[in-house]
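>>> Need coordinates for the following:
(2 chains)
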Amino acid sequence: MKRLELMIGRVLFICVLFSIMVTLVGAIIYGSHHAREVINFSVAGMPQNLPFDELLVQVWHGNGLSIIQLGLILMIVSQVIRVLLTALVFVKQRDLAFMIISLLVLLLMSYQLV
Amino acid sequence: MTLITFIILVGLISIFAGVIGALTGLGGGVLLIPILVMFLRVNMHAAMGAGLFAVMATSAGTAIAYLREGYINVRIGMFLEVAAAIGALIGAYVTIFLSPHIIQIIFGAIFLFMSYLSWRRKEELDAPTVAHPIADYLKLNGEYPTPQGKKAYFVRAVPAAFGMMGIAGILSGLLGIGAGSFKVIAMDQAMRLPYKVSTSTSNFIIGITAAVGAGVFYRHGYVNPIITFPVVIGVLLGALLGARLMPKIPVKPLRLLFSVVIFWLAIQMIVSGVRG
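The predicted model follows:
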């Protein structure tokens, strides 16, 4: 069990590292165009708020901001993957109670993503 | 200021917050959000959104180190996370609709409470020898490594811990913090787990709770990619650095300093919220 958990921890780290690299790529692209602009974040609201499929289209077109957002979504997904893998470990152990518990957590996490 | 200046500043602040967070075990978001809001004029919701991502970054960055030590109790963590995730959904949804000034006042109040908690002398509670029936049923009891070999521990007060964890989740979603200290209290004081088990298990689950809150924030457009990007990178670097520094830096005076700083920030936040 501990060995599996350590493996899941490593997967989590790699996923997060990957997500951060995606944001880095997006930031470099965005920064190269907008580095000297004056910024003002005192009021709430995103520069853009696109549904996921439109976001992917923007990413495909090389929109830096969208690529950063994709990276951030991947960071959230990394945590989902962690719980999913943990749930699979419980499946392997045939632990019904914790299969249900981790599935419950998974549901709560996915509530916003779907 | 310009974009590039802002990103560099936020990055440096985040590294600093990450180091302190890793050293004191008290999460990076707690320092980060007040600094972003009060010194860099970032709006409250975007700062909180970034804070949640900072929590996810620290949790993932330090996960391997904690797992290697072997103190994490995955079953307790997952079980309590149900409460925390529900709490995070509630907290995040409430905060989406709160005015930033109200949030600042709540933030300050919670900070005052956290500052008080770190001053309070921790009563040494006896390790329980009998477990709560639910703990036995779900096999939550575990063992942890000591120099003398594996030592067993029993889990008490499961429903109380569940409730406290729900509150910790609400705070996490409401304020964009990890609420790790509250989670540790739930496990340390209510369940009477060995301290290292509490802190390690807390680190395991705060990332999950933050992900729940982050999802709500993202859905409602409160995650600003320009702010969040340097935060995430900086905090991760800082956490990894802080983990390296841990053996070399005395933690106790740092915690003392930290609680004083938190107290001061709390007052600032309340004043700022009331004034607005």
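>>> buried residues in the longest helix anywhere in chain A?
Scanning chain A for the longest helix, with DSSP state H as the assignment, gives helix A:2-34. By 16 or more other CB atoms under 10 Å in any protein chain shown, the buried positions in helix A:2-34 come out as A:5-6, A:8-9, A:12-13, A:15-16, A:19-20, A:22-27, A:29-31. Heads up, the C-betas are built off the backbone N, CA and C, glycines and all.
>>> What lies in contact with the following helix or strand past that helix?
Sequence order places helix A:52-60 as the next helix or strand after helix A:2-34, per DSSP states H and E. Applying CB atoms under 8 Å, 6 or more residues apart in numbering or on different chains, the external contacts of helix A:52-60 come out as A:50, A:65, A:66, A:67, A:69, A:70, A:73.
>>> Give me the subset of those residues that also touch chain B.
By CB under 8 Å from any CB of the partner chain, the members of these lying near chain B are A:65, A:69, A:73.
>>> and the one helix or strand residue B:199 maps to, what does it pack onto?
Using DSSP H and E, residue B:199 maps to helix B:195-219. Counting contacts by 3 or more CB pairs under 8 Å, 6 or more residues apart in numbering or on different chains; DSSP states H and E, helix B:195-219 is packed against helix A:64-92, helix A:96-110, helix B:44-69, helix B:74-96, strand B:142-146, helix B:158-175, helix B:180-185.
>>> Spit out the contact partners of the residue nearest to residue B:188 when sequence neighbours are not counted.
Once flanking residues are discounted, residue B:188 sits nearest to residue B:198: 4.2 Å by CB to CB, 6 or more residues apart in numbering or on different chains. Each residue near residue B:198 by CB under 8 Å, 6+ apart is listed here: B:183, B:184, B:187, B:188, B:191.
>>> hmm, 6 Å instead?
Shown in contact with residue B:198 (CB atoms under 6 Å, 6 or more residues apart in numbering or on different chains): B:184, B:187, B:188.
>>> overlap between the buried residues of helix A:2-34 and the residues near chain B?
A:5, A:6, A:9, A:12, A:13, A:16, A:20, A:23, A:27 (CB under 6 Å from any CB of the partner chain).
>>> Turn the residues you listed into JSON lines, columns for pLDDT and distance to residue B:248.
Conversion of those to JSON lines gives the following (pLDDT from 0 to 100; distance: CB to CB, whole Å):
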{"residue": "A:5", "pLDDT": "87", "distance to residue B:248": "28"}
{"residue": "A:6", "pLDDT": "90", "distance to residue B:248": "25"}
{"residue": "A:9", "pLDDT": "92", "distance to residue B:248": "24"}
{"residue": "A:12", "pLDDT": "94", "distance to residue B:248": "27"}
{"residue": "A:13", "pLDDT": "94", "distance to residue B:248": "23"}
{"residue": "A:16", "pLDDT": "95", "distance to residue B:248": "26"}
{"residue": "A:20", "pLDDT": "96", "distance to residue B:248": "26"}
{"residue": "A:23", "pLDDT": "95", "distance to residue B:248": "31"}
{"residue": "A:27", "pLDDT": "93", "distance to residue B:248": "32"}
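>>> tell me which residues in stretch A:35-44 are buried?
A:39, A:41, A:44.
>>> residue of chain A with the smallest distance to chain B?
residue A:112 (3.3 Å; CB to the nearest CB).
>>> show me what contacts that residue?
Going by CB under 6 Å, 6+ apart, residue A:112 touches B:215, B:216, B:219.
>>> Nearest to chain A among these?
Checking the contacts of residue A:112 one by one against chain A (CB to the nearest CB), the nearest turns out to be residue B:215, at 3.3 Å.
>>> pLDDT score for the closest residue to the closest one other than its chain neighbours?
Once flanking residues are discounted, residue B:215 sits nearest to residue A:112: 3.3 Å by CB to CB, 6+ apart. Per-residue pLDDT puts residue A:112 at 74.
>>> Name the SS class of residue A:112, please.
Using DSSP: H, G, I helix; E, B strand; the rest coil, the structure places residue A:112 in coil.
>>> Run through chain B and note the low-pLDDT ranges.
Scanning chain B with the threshold set as pLDDT under 70 gives B:25-27, B:120-126, B:147-149, B:251, B:276.
>>> can you list the residues of it near chain A?
Within chain B, the positions near chain A by CB under 6 Å from any CB are B:2-4, B:6, B:41-43, B:45-46, B:56, B:60, B:63-64, B:67, B:78-79, B:81-82, B:85, B:138, B:207-208, B:211-212, B:214-216, B:219, B:221, B:224-225, B:228-229, B:232-233.
>>> number of nearby residues for residue B:79?
The number of residues packed near residue B:79 is 26, by other CB atoms under 10 Å in any protein chain shown.
>>> same check, this time on the one 4 residues further on
Residues contacting residue B:83 under the criterion other CB under 10 Å number 21.
>>> In contact with it, which residues?
Counting by CB under 6 Å, 6+ apart, residue B:83 makes contact with B:162, B:165, B:166.
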